[in-house]
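J.: dropping a prediction and its sequence here:
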Amino acid sequence: MDENEEGEATEREDERFMGAALDEARRALQIDEVPVGAVVVVDGVIVGRGHNRTRTDTDPTAHAEVLAIRDATRTVGDQRLRGGTLYSTVEPCFMCAGAASHARVERIVFGVRDPKFGACGSLGDVPGHPGLNHASAVREGVAAEACRELMVGFFRSKRAAARSATGIVDRGAGRGADRGAAADAAAGAIEEES
Ligand SMILES: [Zn+2]
């Protein structure tokens, strides 16, 4: 394979594994959690899976990526996942990007940015921080539409449920309609709940 073919093969692999991360995100949705899913791949094989369970487990650290990394290290029997790739439907936060660095993950691939918590380009750049002794390559925008749709659909239904339960437009009272529209437009934003 020349470089071009190799790049295309990596792209196809990334899409395939992001599909598995999306399956995990749908599992989160089934238990009424913010739909974020993650998988860890080592040597072309999925060795760890996770989906957001923060409310289910009453655990703010139960993010999809942390759970997938834990699952992966148990599977391979090593706290390091050298050569591994972490796939997440949403940009990993500082905690998850930090965990990926501790695990020596080689690449981080994600679907959509998270402007409120993202630490792989949005609020910071943990994987590329020059002060860390381990750097990970980052690729974003894989299956972005599907990742974003899950998030937008979830928060839209939450807002609708809140409105019909309280009869109040939104917490922002008079600014409610605007806030709703703005939040919808900011597709991919995780909002305060995650
Ligand atoms: Zn996280």
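T.: Nice, thanks for sending it over. Just so we're clear, the structure is a prediction, and the values are computed from it rather than from any experiment.
J.: going by C-alpha atoms from here, please, whenever you check contacts or count neighbours.
T.: Will do.
J.: in the sheet, which residues pair with the residue nearest the centre of the chain? Tell me.
T.: Taking CA atoms, centre = their mean, the centroid of the chain lies closest to Val90, which sits 2.8 Å from it. Assessed by DSSP bridges, Val90 has beta-bridge partners Val112.
J.: for it, give me its contacts.
T.: Taking CA atoms under 8 Å, 6 or more residues apart in numbering, we find Val90 in contact with Val36, Gly37, Phe110, Gly111, Val112, Arg113, Asp114, Cys147, Gly188.
J.: that one and the ion: what is the separation?
T.: Plainly put, Val90 is 9 Å away from the ion if you go by CA to the ion, to the nearest Å.
J.: the ion versus the residue lying closest to His102 once chain neighbours are set aside, what's the distance?
T.: What sits nearest to His102 in space, not counting adjacent residues and going by CA to CA, 6 or more residues apart in numbering, is Arg80, at 7.5 Å. Noted for Arg80: a distance of 18 Å to the ion, by CA to the ion.
J.: hmm, Arg80 is touching Glu106, no?
T.: No - between Arg80 and Glu106 there is no contact, the gap being 10.4 Å when judged by CA atoms under 8 Å.
J.: more neighbours, those two?
T.: Legend: neighbour count by other CA atoms under 10 Å for Arg80 and Glu106, higher for Glu106 (20 against 17).
J.: ramachandran coordinates for that one?
T.: Phi and psi for Glu106, reported as degrees, to the nearest 10, are phi -80, psi -40.
J.: just the one 10 residues further on next, same as before
T.: Dihedral angles of Lys116 (phi, psi; degrees, to the nearest 10) stand at phi -100, psi -30.
J.: neighbours of it, how many?
T.: 15.
J.: which other helices and strands contact the helix ranked longest in the chain?
T.: Counting residues, the longest helix found in the chain (DSSP state H) is helix 3-30. With contacts defined as 3 or more CA pairs under 8 Å, 6 or more residues apart in numbering; DSSP states H and E, helix 3-30 has these neighbours: strand 37-42, strand 45-51, strand 85-90, strand 107-112, helix 144-166.
J.: quick one: stretch 142-155 to chain centroid distance?
T.: Centroid displacement of stretch 142-155 relative to its chain, using CA atoms, centre = their mean, to the nearest Å, is 11 Å.
J.: again with stretch 48-57
T.: Relative to the mean C-alpha coordinate of its chain, stretch 48-57 is positioned 11 Å out (CA atoms, centre = their mean).
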